[in-house]
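Visitor: I need the structure of the sequence given here:
(one chain, ligands or ions: 1)
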Amino acid sequence: MAQIIDGKAVSAAVKAEVAEEAAKLKEEKGLKIGLAVVIVGNNPASRVYVNNKKKACEAVGFQSFEYALEESTTQEQLLDLVNVLNRDARVNGILVQLPLPKHIDEKAIINAISPDKDVDAFHPINVGKIMIGDYSFLPCTPAGVMRLIESTGTDITGKQCVVIGRSNIVGKPQAMLLLQKNGTVTICHSKTKNLKEVCLGADILVVAIGRANFVTGDMIKEGAVVIDVGMNRLENGKLCGDVEFESAEKKASFITPVPGGVGPMTIAMLMKNTLTAAKQQAGIE
Ligand code: GUN
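Guide: Numbering: from 1, shown residues only. From the prediction side, this is the model:
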């Protein structure tokens, strides 16, 4: 039976580290750290995420600046706001909550965010840096996954790592981070033919495909570390991951629950990136 990885506890530890360093920087260097969060429209899930980001800022001692814009906001208006925030010295990090309304080109907005304030690590410059292993900002969810794997004491070097999912936000950067830690990495996706066989070879399995209960216990190698990035809302309103927990926990050595696994890590890593941004902008690191 697997040990359950407590994402809430690991996330609390990361936030405590950030809060401690932020307090020290404030005391010793008078540094005040600020994160701007922009939300456009009324997507209820986005609203919850943005509220959680605000709460996390308060918890670690950052200022948060929220910009809640109407659904009808034009791309030009949003670009204008991003440009104002790029120049605002109180703002160390900028996060534009995705998805944006359909009439706004997400790529154009991401490209307009100053790479130095791009705490999501979505800007092509930061994405490129991840490819070459020279990064200041790690994309929040994959960085959170790495921290969870680390919390199990697993050494990634030489391990077979399988990532299911190839999104720009999770799958692709996740594969790069595992590679950076000397994992032997395979990326699978919805069109992979021999998925079960590939999964059965995985010492570390990260699942981010966005389909409820997609990975079942018979696809998991005995003793594997299983990280479930999925967050699916079932018809009965319950949240569930991409991994069928009951059958998977019988095979894995460590497994993340949903909720309470990867979810809380993303925000903790966002706080860490905002701290990094503030230090870099102040010439501290
Ligand atoms: N929407 C869902 N996840 C994210 C994220 O990590 N960053 C942003 N900006 N939007 C999101």
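Visitor: show the contacting residues for the residue most central in space within the chain.
Guide: Within the chain, one residue has its C-alpha closest to the average C-alpha position: by C-alpha atoms, centre = their mean, that is residue 141, at 1.7 Å. Remark: with contacts taken as C-beta atoms under 8 Å, 6 or more residues apart in numbering, residue 141 is in contact with 169, 170, 174, 208, 229, 262, 265, 266, 269. Any C-beta I mention is one placed from the backbone N, CA and C, and that applies to glycine too.
Visitor: how about the residue in the chain positioned nearest to the ligand: what's its closest non-neighbour residue?
Guide: At 3.7 Å from the ligand, residue 98 is the closest residue in the chain, using C-beta to the nearest ligand atom. The spatially closest residue to residue 98, leaving aside those adjacent along the chain, is residue 106, at 6.2 Å (C-beta to C-beta, 6 or more residues apart in numbering).
Visitor: that neighbour reaches residue 112, doesn't it?
Guide: No: under the criterion of C-beta atoms under 8 Å, residue 106 makes no contact with residue 112, lying 10.8 Å away.
Visitor: between the two, which is the more surrounded one?
Guide: When neighbours are counted by other C-beta atoms under 10 Å, residue 112 comes out ahead of the other of residue 106 and residue 112, with 19 against 15.
Visitor: if I look at the more buried one, how far off is residue 78?
Guide: Separation of residue 112 from residue 78 (C-beta to C-beta, to the nearest Å) stands at 9 Å.
Visitor: show me the strands in the stretch 151-285 of the chain, by range?
Guide: In order along the chain, the stretch 151-285 of the chain carries the following strands (DSSP state E, counting those that start in this stretch): 160-164, 184-188, 204-207, 225-228, 232-233, 239-240, 254-255.
Visitor: got TSV for these, with distance to the ligand, mean neighbour count and mean pLDDT too?
Guide: Formatted as TSV, the strands of the stretch 151-285 of the chain follow (distance: least, C-beta to the nearest ligand atom, whole Å; neighbours: other C-beta atoms under 10 Å; pLDDT from 0 to 100):
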stretch	distance to the ligand	mean neighbour count	mean pLDDT
strand 160-164	17	26	99
strand 184-188	19	19	98
strand 204-207	16	28	99
strand 225-228	16	28	99
strand 232-233	14	13	94
strand 239-240	15	16	94
strand 254-255	22	24	99
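Visitor: how about those in TSV, adding distance to residue 1?
Guide: Conversion of those to TSV gives the following (distance: least, C-beta to C-beta, whole Å):
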stretch	distance to residue 1
strand 160-164	22
strand 184-188	26
strand 204-207	17
strand 225-228	13
strand 232-233	24
strand 239-240	20
strand 254-255	10
